[in-house]
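**Q** okay, sequence plus prediction incoming.
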Amino acid sequence: MWASFSASAQKEADADIAATFRERNAIEVAHLSDDELMAAIKEARGTAVSLGITASNLRMRFIMLGVFRLPGFWKEAEIWQMLTANTGTPDMRFGDVCALLKVGAGREAKANYVWW
């Protein structure tokens, strides 16, 4: 029963995130159908959770990056290696990935793509 309630609550939360993305990031998610957007959010959230990222702001950043800024970024071998290293905490490792992405964006004159 708890699993069913949890799954229902998570689906509702994902729908809220999708609605926010449609409202605030319309251009970036316009190419995704509603089902595709929900699937992308679910995959990114599930990956963040499975990696052990606990801070809610970092989970949301992971979802935003994974859905419309750098879709599936965690699937890149170098990024995955950083996210699953045996150092620090999951939140710290994701912070390191974000720092790397920020430096890269600056070098490519795309600093406005990173908001953190």
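**A** Good, I have the coordinates.

**Q** please make it C-alpha for all contacts and neighbour counts, starting now.
**A** Noted.

**Q** in the longest helix belonging to the chain, what counts as buried?
**A** The longest helix of the chain (DSSP state H) is helix 2-24. The neighbour-count check on helix 2-24 (16 or more other Cα atoms under 10 Å) flags Asp14, Ala15, Ile17, Ala18, Ala19, Phe21, Arg22 as buried.

**Q** Leu37 is in contact with the fourth one, correct?
**A** Which is Ala18. Yes. Counting by Cα atoms under 8 Å, Ala18 does reach Leu37; the two are 6.6 Å apart.

**Q** so what secondary structure elements neighbour the host helix or strand of Arg61?
**A** Here Arg61, judged by DSSP states H and E, is contained in helix 56-64. With contacts defined as 3 or more Cα pairs under 8 Å, 6 or more residues apart in numbering; DSSP states H and E, the secondary structure elements packing on helix 56-64 are helix 34-51.

**Q** the helix it packs on to helix 56-64, inter-axis angle?
**A** Following axes from the mean of the first three to the mean of the last three Cα atoms, to 10 degrees, one obtains 130 degrees for the angle between helix 34-51 and helix 56-64.

**Q** rewinding a little: who's in contact with the longest helix of the chain?
**A** For helix 2-24, contacts defined as Cα atoms under 8 Å, 6 or more residues apart in numbering pick out Val29, Ala30, Asp34, Leu37, Met38, Ile41, Lys42.

**Q** redo that, cut-off 6 Å
**A** Applying Cα atoms under 6 Å, 6 or more residues apart in numbering, the set of residues contacting helix 2-24 from outside is empty.

**Q** got it, and stretch 107-116?
**A** By Cα under 6 Å, 6+ apart, the residues outside stretch 107-116 that reach it are Ala105.
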